[in-house]
Structures are given as structure tokens and as C-alpha cells.
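Novice: This is a predicted model, with the sequence first.
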Amino acid sequence: MPARAALPAAPARTGAEIVPAPFRGAAVRTRCVLVGGFGGGGGRTTVAAGLGLALAARGGARVVAVDACPDQYGMLTHRVGLGSGTSGVRELVTAQPPVESLTELRLYLRADGPGGLEVLPGVHDLTAPGLTAQELAGALDLLGRWFQVVIADGPSGWNQPVSATLLARGDQVVLSCRAGEAELAAADHALTALAAAGRADLQASVLVAVVETYPTRLTRVARQRLGDLEARARRLVTVPFDPGLTDCRPVDWYRLRRRTRAAFEELAAAADPADQ
């Protein structure tokens, strides 16, 4: 593969966040899909990766995923089998001169993996301040100029600045949780909490991804909670246990079990703007 062009130098940061200048070209209609939930270990990055790979495999819409967790770098890119590089959200939004084309934008994306999904990493310098809401908003604006679908691997909850920014800009929420009594109860609470976070309009369209992190046999209470959650969501999809998803290893789309791919494809069909 040909070497990437050198990244534009980012200016020194001087307190106020630098955001992109107003764009004067024609923009595409972008669908922002937030993969979120409550608590850690709910499979958000796994679901963001699988959904993105499934949408990329469907073709038709140009798809990008962004690692929007404020204090981590490289998790999403690693999950889809890409190198994380040395640039991400912050370098993109502080680029001088500002990014003005898809070719320039792609200098900041990782896109050399087998699945065809392009990914914008988060903040790579973990000794610096974490990702801010202003930086994320600038990145979403830039991605929205050239991509029909932006998938955001968001942090836990709805009310912190970064997750609130994602929720405010979201067109679709994919609620991710593990298959267990406590986790399903937390997902139900997260669905209810959308109203308190100002997005009651998204409740009826929520897609729920229940991730089996090990071969699961649900208890009676868990099955009841699963049924209650399914009744409230637009669609509930169980992502079955798959060794290809364990141990945070890179996801090889074509080596996943058929049932696993089918689950992600079902999510993709529900999130694809072409099917709305």
C-alpha cells in the first residue's frame, strides 16, 4: 500500500479550542449513530466495530467510525484491525490550514484494514487533557461533510460533556449491554434516561445490542428483563458469543461466525440511512 502523505502540522494550543472554519462546499446528509450505554464493559466498542464493518460491507453509504471516548486512544482502531497512528480527533480539528477536502481528511483516518471501514482515532496523547466536547463537535462537523454515516463509539452515560454532545447530534442510538440481569436492568434505565437527557424523541427508535461475552443461558429474571427491553426498543439484536470477539482481539469480519455476522447485519440494516 502506498505510504500516507505527511500530516499537516497542528498549531500550538493556546487555551481556547480551535474549531473548523465554516464550510463553503456542498455537504452530504449525514446520519450520526451513537453507540452508548451505562457502565463499563458493555460491549460498546465491539458493537461500534461490528456495526461499522457490517455497514461498510453493505456498500452504498460512505461510513466512518470515530473513537469518542474522552480518555482512551486506539481501542476502536485496534478492534477493527487498524494501526492507531499518531493522529486523531485533536489533530484533525486543529489542522492549519483547515481540512477542505476528503483527500485531506483521510490523512487523519485509519483505513488500511481488511474490512473497509474508515476510523478516526481519539486523543492519542494520554498525558494531555482528554477529549473535549468542542473538539468532538468540530470533528463531527468535518466528518459530516463527506460521510453519509458517522458511528460514534461513545463513553458511558448521557450527561457528561462528550456523551451529551453525541446525544444532542445523534440521529440514532444503539444501546449496548452484556447479557445478564444487572446489565439488562441498566440498559432499561439508560433507555428511560434518554428523556431526562433531552432526547425522548429517540426512545422509540433505539436499537438494543445485547452482547454475549461468554456462552449464555439467561435466568428467568434475565429473560423477563430482556422481553421488557425488547418491547420498548425499535429492535433488539443479540450478538451471540463468538471466540472472534473475545479478549479484545481485532475483529476479522470474514472469520466471524455466520450468526454473529447476521446479528451485526441486522443492526446495520436498521441503521442504514438508505433503509430509513
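Specialist: In hand now; what should we look at?
Novice: Output the below-cut-off pLDDT ranges for the stretch 101-250 of the chain.
Specialist: 112-114 (pLDDT under 70).
Novice: Break down it into its strands, ranges please.
Specialist: Assigned by DSSP state E, counting those that start in this stretch, the stretch 101-250 of the chain shows strands spanning 118-120, 149-153, 172-178, 207-211, 235-239.
Novice: closest to L194 out of those strands?
Specialist: Closest approach to L194 among the strands of the stretch 101-250 of the chain is made by strand 172-178 (7.1 Å; Cβ to Cβ). Every residue, glycine included, has its C-beta placed from N, CA and C.
Novice: Tell me the buried residues in the closest one?
Specialist: Residues of strand 172-178 classed as buried: Q172, V173, V174, L175, S176, C177, R178 (neighbour count, 16 or more other Cβ atoms under 10 Å).
Novice: cool, stretch 251-264 as well?
Specialist: Per 16+ other Cβ under 10 Å, stretch 251-264 contains these buried residues: V251, W253, L256, T260, R261, A263, F264.
Novice: any idea of the mean pLDDT for the helix or strand the fifth one falls within?
Specialist: So that's R261. Take DSSP states H and E as the rule and R261 turns out to sit in helix 258-271. In this model, helix 258-271 has an average pLDDT of 96.
Novice: Dump it to PDB, restricted to CA.
Specialist: Output of helix 258-271 as PDB, limited to C-alpha atoms (Å, rounded to 0.1, in the frame of the first residue of the first chain):
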ATOM      1  CA  ARG A 258     -22.300 -16.700  10.400                       C
ATOM      2  CA  ARG A 259     -24.700 -16.000  13.300                       C
ATOM      3  CA  THR A 260     -22.500 -13.200  14.500                       C
ATOM      4  CA  ARG A 261     -22.300 -11.500  11.200                       C
ATOM      5  CA  ALA A 262     -26.000 -11.900  10.800                       C
ATOM      6  CA  ALA A 263     -26.600 -10.100  14.100                       C
ATOM      7  CA  PHE A 264     -24.400  -7.200  13.000                       C
ATOM      8  CA  GLU A 265     -26.000  -7.100   9.600                       C
ATOM      9  CA  GLU A 266     -29.400  -6.900  11.200                       C
ATOM     10  CA  LEU A 267     -28.200  -3.900  13.200                       C
ATOM     11  CA  ALA A 268     -26.700  -2.400  10.100                       C
ATOM     12  CA  ALA A 269     -30.000  -2.800   8.100                       C
ATOM     13  CA  ALA A 270     -31.800  -0.900  10.900                       C
ATOM     14  CA  ALA A 271     -29.200   1.900  11.000                       C
END
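Novice: Can you spell out which helices and strands pack onto that helix?
Specialist: Judged by 3 or more Cβ pairs under 8 Å, 6 or more residues apart in numbering; DSSP states H and E, the packing partners of helix 258-271 are helix 44-58, strand 172-178, strand 207-211, strand 235-239.
Novice: how about these in a markdown table, adding distance to H124?
Specialist: Output for the helices and strands packed on helix 258-271, formatted as a markdown table (distance: least, Cβ to Cβ, whole Å):
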| stretch | distance to H124 |
| --- | --- |
| helix 44-58 | 16 |
| strand 172-178 | 24 |
| strand 207-211 | 26 |
| strand 235-239 | 28 |
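Novice: of the ones you listed, which approaches A152 most closely?
Specialist: helix 44-58 (7.5 Å).
Novice: Render the CA-only coordinates of the closest one in CSV, please.
Specialist: Taking Å, rounded to 0.1, in the frame of the first residue of the first chain, the C-alpha atoms of helix 44-58 are listed here in CSV:
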residue,chain,number,x,y,z
ARG,A,44,-19.8,-0.6,23.1
THR,A,45,-16.6,-0.7,21.2
THR,A,46,-17.3,-4.3,20.0
VAL,A,47,-20.8,-3.2,18.7
ALA,A,48,-19.4,0.0,17.1
ALA,A,49,-16.8,-2.1,15.3
GLY,A,50,-19.2,-4.8,14.2
LEU,A,51,-21.9,-2.3,13.1
GLY,A,52,-19.3,-0.3,11.2
LEU,A,53,-17.9,-3.3,9.4
ALA,A,54,-21.4,-4.5,8.5
LEU,A,55,-22.4,-1.2,7.1
ALA,A,56,-19.1,-1.0,5.1
ALA,A,57,-19.8,-4.5,3.7
ARG,A,58,-23.3,-3.4,2.7
